[in-house]
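# sharing a model that was predicted from the sequence below.
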Amino acid sequence: MTDTPLLDRLAALRAENPKLRARDAAEALGVSEAELVAAGGVGQVRRLGGDWGDLIKALPAVGRIMCLTRNEHCVHERHGAFQDVSVNGLTGLVLGPDIDLRIFFSHWKYGFAVADQGPQGDRLSLQIFDAHGVAVHKIYSTPATDMAAFEALIARFHDVGPFGPLELNPVPAPAAARPDGAIDRDGFIAAWADMKDTHEFFPLLRKFGVQRLQAMRMAEGRFTTEVAADAVERAFAAAAAQDLPIMVFVGSRGVIQIHTGTVRTLKTMGPWFNVLDPDFNLHLRADRVATAWVTRKPTEDGVVTALELFDERGETIALVFGERKPGKPELAAWRDLAESLVRTDRAA
């Protein structure tokens, strides 16, 4: 897999900026992150093969790890163990108390096991990329990982090749929204009002041909309210002050990763807003939040309130909810917190 010219260019780049992350280094070099990893640019690398669902089902054996899912503007890192894993065709679920994932295997194209040096010494990781060479999910060893079990898993799924260059497609531009006038707004709002479960929302968007940010605008004043872009920082600060458990969803094309619990250590570093707790880290480019919305979705358990963040292209960055389980109403304290964001911004 070694690509000597690419590695030479990478070495020159890192001589100038030794702390440059792989994603940023790949962008600077004009290649995908998958190509950089495949070339050995982030450590010793082994190609993975086999069934992705079987790989996920094998992960409980390795014990505690750190899962990382990110999109262009937000990184979500969660420590814990894989529990309650299920696979149904091209979708997978991990429903443990710490590692909580919704997996879409149709976007899992290339996988690598990487051995490198982390902050705490030698570490192993599984790094999964889509057909565009963009990372969809990474799983890192921690000091609490059963390294023998992790090595055995990698050996089981190691694909020895031979391999040619990665076959990658250009990243597609976001699809343009349909004109508002082409959408049955009354029908869409009526269907929203008739929801029984939050999981009905995405099929609802698809049925009416509405993009998510477009839905925010179309339902404004009925089910949605736009708030200032810094609402997420205010929401996290209030949740930390109240010791209020929340749910934080961040997705790539191939995985949605969820944190459920409290947040405590909040720090802003330049453009990054960070949660730096022992088992949960979040790194959000706060300057990339173009719009933020408080949304309300009817369910059989009562209204479910969320804070939804979008970038300038209308792509979802993150969703924040109060902690809740199916069959139970959302926390009143979370609803009050979310509505306080609306009241504050209206008074400004």
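The structure has been received and is ready for your questions. Only a predicted model underlies this, so the values are computations on that prediction, with no experimental measurement involved. Numbers count the residues shown, from 1 in each chain.
# list the contacts of the biggest strand by length in the chain.
As assigned by DSSP state E, the longest strand anywhere in the chain is strand 135-145. With contact meaning Cβ atoms under 8 Å, 6 or more residues apart in numbering, strand 135-145 is reached by 23, 33-34, 59, 62-70, 79, 101, 103, 107-108, 118, 120, 123-130, 147, 150, 252-255, 257. Where you see a C-beta, it was placed from the backbone N, CA and C, and this is true even at glycine.
# kindly report the same for stretch 209-222.
The contact list for stretch 209-222 (Cβ under 8 Å, 6+ apart) reads 175, 177-178, 180, 182-183, 185, 188-189, 192-193, 204-205, 224, 226, 291, 293, 295, 308, 310, 314, 316.
# what is the longest helix seen in the chain packed up against?
What stands out as the longest helix in the chain, according to DSSP state H, is helix 332-347. Contacting helix 332-347 under the criterion 3 or more Cβ pairs under 8 Å, 6 or more residues apart in numbering; DSSP states H and E are the following elements: strand 224-227, helix 231-242, strand 291-297, strand 304-310, strand 316-322.
# just the buried residues of it, please?
Of the residues in helix 332-347, those with enough neighbours to count as buried (16 or more other Cβ atoms under 10 Å) are Trp334, Arg335, Leu337, Ala338, Leu341, Asp345.
# possible to save the residues you listed as CSV with pLDDT and distance to Arg212?
Output for these, formatted as CSV (pLDDT from 0 to 100; distance: Cβ to Cβ, whole Å):
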residue, pLDDT, distance to Arg212
Trp334, 98, 21
Arg335, 97, 21
Leu337, 98, 22
Ala338, 98, 18
Leu341, 97, 19
Asp345, 84, 21
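# relative to Val248, which of those residues is nearest.
Distances from Val248 to the buried residues of helix 332-347, taken as Cβ to Cβ, are shortest for Trp334 (12.3 Å).
# from what I see, Asp197 and Gly302 are in contact.
No. With contact defined as Cβ atoms under 8 Å, Asp197 does not reach Gly302; the gap is 11.7 Å.
# re earlier: would you mind giving the helices and strands packed on helix 332-347 as CSV with distance to Arg285 added?
Conversion of those to CSV gives the following (distance: least, Cβ to Cβ, whole Å):
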stretch, distance to Arg285
strand 224-227, 18
helix 231-242, 11
strand 291-297, 14
strand 304-310, 10
strand 316-322, 8
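# quick one: closest of these to Ile154.
Comparing the helices and strands packed on helix 332-347 by Cβ to Cβ, strand 316-322 comes nearest, at 30.9 Å.
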